[in-house]
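>>> kindly return the folded structure for what I paste below:
(4 chains)
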2 protein chains.
Amino acid sequence: MVGNIPIYIQVYTKMKRAIEEERYRAGEKMPSETELEKMYGVSRITIRKAIDLLKNDGYVYVKQGLGTIVASASMYNSNYVTSFTDGLRAAGYVPSAKDITISHALIPAAIAHAMDVPEDRDMICVQRLQMADGKPIAIMSNYILPELVPGLDKEETAEFISLYRYLEEHYNIFINTSRDFITARTADLSQAHLLQVPVGFPLIYVIRVSFMDGKPVLGDMVYINAHMYEFSFNCVGKAPHLITETDVDGVGPQKIYTNMDKR
Amino acid sequence: MVGNIPIYIQVYTKMKRAIEEERYRAGEKMPSETELEKMYGVSRITIRKAIDLLKNDGYVYVKQGLGTIVASASMYNSNYVTSFTDGLRAAGYVPSAKDITISHALIPAAIAHAMDVPEDRDMICVQRLQMADGKPIAIMSNYILPELVPGLDKEETAEFISLYRYLEEHYNIFINTSRDFITARTADLSQAHLLQVPVGFPLIYVIRVSFMDGKPVLGDMVYINAHMYEFSFNCVGKAPHLITETDVDGVGPQKIYTNMDKR
DNA sequence: AAGTGGTCTAGACCACGAA
DNA sequence: TCGTGGTCTAGACCACTTA
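Below you'll find the predicted structure:
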């Protein structure tokens, strides 16, 4: 093992690699946790953390009393934070940006609400036309709190393709949580023109709020050509909300928060 | 503590309750893990599992060297598996179903692909018009492997509102993982008629595959009135994909799977 | 320097599934 | 009954943040 990197990450990486190379095949059982302990020379809790990561990636599923079973490749997925640019790249597109503009603007109500910011708040607005393989795919508007990015409105605009990466490198802003609100719209005249589709064409409409350390720092409004793109999300496990008043002293019925919202 | 339920769930429930009742306020630090150990009389690893669950729910965020901080209420969310019906209910709608039909049908290509099933596979198809507060909100088609639900095609159809619950109670099928593919479409003539919207109206188009123990058992195709609904999803943390060939012996560059897909 | 969360160990007992 | 994963403990050292 290497000194620097946590052991469970190293074990996770090796096990993942083993699955990708089909040294363990889909549907087969992995070695038991006790065996894996011996194979890697680490304690069981470390093995379990590695398996947890594999579970999150959809590589394996686990059944008590039976074992850890390798999932089929079609189940590989994860819900980690990614930028749209990285998402495009991972989906097989070559991303680029066109017509980047930076300006001050009032925040749209939909974003203000999602970011928990007053509606008349002045924001830095970065707009661009996102290209994929040279074709327009999305109209993106990012709204940033001005105090976090001093001098950004005076920057050369041509140089950044990924806003996330730019914020990390120039302003030490590291997004570690995000929330997407996804629904559908149809293209109006200006959107249709920019995206080179007919008016009325279906678009995915996304409001995304990005957080650093629990505080909202970035709000995005994105219109995506629905024929070039789709989102995929995994849901794993049932919510542990089963405890009622009679089970645990002083704990009553729980509010349930889900991944669907009334509008 | 109660015997039956795992201690970390009990601790999690109590801490969650404390946050909801604002005994810990947004932005404030929670007691340190050592303090929580003493408060609840359990070991640190148990406290950490409880905090992990709170993190997944968006109730807290954690910074090494600083502490565990309570998030604002707007961040509460989770990506647990829920049925559409439960989702509607949690969003504040009163759900009901109309025009339920059960039939044998060939599986649509989009679902066959997502479920990893041959395209000419015979399936049980359950279709219904999903209502919310008495208004049509979605057209739902569920495709189930016939061998898993013997006799379903002969069932009384009026009785089930939530298919998930029906499968649990009658066929011992417990969905524990699902994956949604979300994009946008516009209403055609028949969809418009059913949903009582104009032709060309924006619809959220969802393909959902539901898994039990790693095996796909249910494929859904859903068209949702986009003006009545939106999906929300959380992404937490960066992917631990940073290990390259030079770091860990025998481990090369990693494929990256993300939550976005080329179409 | 002090306090926090992050990682890790060795060992224990329990709950579940299959033979 | 046996092997599996699920839960839990007590204790240790490290890495990071703040003062």
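>>> from now on I want contacts and neighbour counts done on CA atoms only, so please keep to that.
OK.
>>> let me know the helix or strand that A:L88 is in.
helix A:84-90 (DSSP states H and E).
>>> near chain B at all, that helix?
Yes. Residues of helix A:84-90 contacting chain B under Cα under 8 Å from any Cα of the partner chain: A:G87, A:L88, A:A90.
>>> stretch A:7-27 too?
Yes. Contact of stretch A:7-27 with chain B (Cα under 8 Å from any Cα) involves A:I9, A:Q10, A:T13, A:K14, A:R17.
>>> for the first one, what are its contacts?
The one in question is A:I9. Counting by Cα atoms under 8 Å, 6 or more residues apart in numbering or on different chains, A:I9 makes contact with A:A50, B:P240.
>>> I'd like to know how far it sits from A:I47.
Counting by Cα to Cα, to the nearest Å, the gap from A:I9 to A:I47 is 10 Å.
>>> equivalent analysis for A:Y164, please.
33 Å.
>>> please identify which of these two sits among more neighbours.
A:I47 (23 against 19; other Cα atoms under 10 Å in any protein chain shown).
>>> surely that one touches A:P6?
No. A:I47 lies out of contact with A:P6 (Cα atoms under 8 Å); the separation is 11.8 Å.
>>> related to what we said a few turns ago, save the residues of stretch A:7-27 next to chain B as a markdown table, and put in pLDDT and secondary structure too.
Formatted as a markdown table, those follow (pLDDT from 0 to 100; DSSP: H, G, I helix; E, B strand; the rest coil):
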| residue | pLDDT | secondary structure |
| --- | --- | --- |
| A:I9 | 92 | helix |
| A:Q10 | 92 | helix |
| A:T13 | 92 | helix |
| A:K14 | 93 | helix |
| A:R17 | 92 | helix |
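>>> which parts of the helix or strand containing A:Y166 are buried?
Applying DSSP H and E as the criterion places A:Y166 in helix A:163-171. The neighbour-count check on helix A:163-171 (16 or more other Cα atoms under 10 Å in any protein chain shown) flags A:Y164, A:R165, A:L167 as buried.
>>> would you map out the domains in chain A?
A:7-75, A:84-225 (automatic domain parsing).
>>> hey, C-alpha coordinates of stretch A:195-214 in PDB?
Extracted in PDB, the C-alpha atoms of stretch A:195-214 (Å, rounded to 0.1, in the frame of the first residue of the first chain):
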ATOM      1  CA  LEU A 195     -29.700  26.100 -30.000                       C
ATOM      2  CA  GLN A 196     -30.500  25.800 -33.700                       C
ATOM      3  CA  VAL A 197     -33.800  24.000 -33.100                       C
ATOM      4  CA  PRO A 198     -37.400  24.900 -34.000                       C
ATOM      5  CA  VAL A 199     -39.500  27.000 -31.600                       C
ATOM      6  CA  GLY A 200     -41.400  24.700 -29.300                       C
ATOM      7  CA  PHE A 201     -38.600  22.100 -29.200                       C
ATOM      8  CA  PRO A 202     -38.400  20.200 -25.900                       C
ATOM      9  CA  LEU A 203     -35.700  21.400 -23.600                       C
ATOM     10  CA  ILE A 204     -34.500  20.100 -20.200                       C
ATOM     11  CA  TYR A 205     -34.800  22.900 -17.700                       C
ATOM     12  CA  VAL A 206     -32.400  22.700 -14.800                       C
ATOM     13  CA  ILE A 207     -31.900  24.900 -11.800                       C
ATOM     14  CA  ARG A 208     -28.800  23.800  -9.900                       C
ATOM     15  CA  VAL A 209     -27.500  25.200  -6.700                       C
ATOM     16  CA  SER A 210     -23.900  24.400  -5.700                       C
ATOM     17  CA  PHE A 211     -22.700  24.500  -2.200                       C
ATOM     18  CA  MET A 212     -19.300  24.900  -0.500                       C
ATOM     19  CA  ASP A 213     -19.400  23.800   3.100                       C
ATOM     20  CA  GLY A 214     -23.100  24.000   3.400                       C
END
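>>> does it reach chain B?
Yes. Counting by Cα under 8 Å from any Cα, chain B has neighbours in stretch A:195-214: A:G200, A:F201, A:P202, A:L203, A:I204, A:D213, A:G214.
>>> of these, closest to DNA strand C?
A:D213 (11.7 Å; Cα to the nearest atom of the strand).
>>> just give the number of residues close to the closest one.
When neighbours are counted by other Cα under 10 Å, A:D213 comes out with 18.
>>> spit out the contact partners of it.
Residues in contact with A:D213 (Cα under 8 Å, 6+ apart) are A:I175, A:N176, A:T177, B:Y61, B:V62, B:K63.
>>> what does the stretch 51-200 of chain A have sitting close to DNA strand C?
A:K63, A:Q64, A:G65, A:L66 (Cα under 7 Å from any atom of the strand).
>>> let's see it at 10 Å
Counting by Cα under 10 Å from any atom of the strand, the residues of the stretch 51-200 of chain A close to DNA strand C are A:K63, A:Q64, A:G65, A:L66, A:G67.
>>> now, those that are in strands?
A:K63, A:G67 (DSSP state E).
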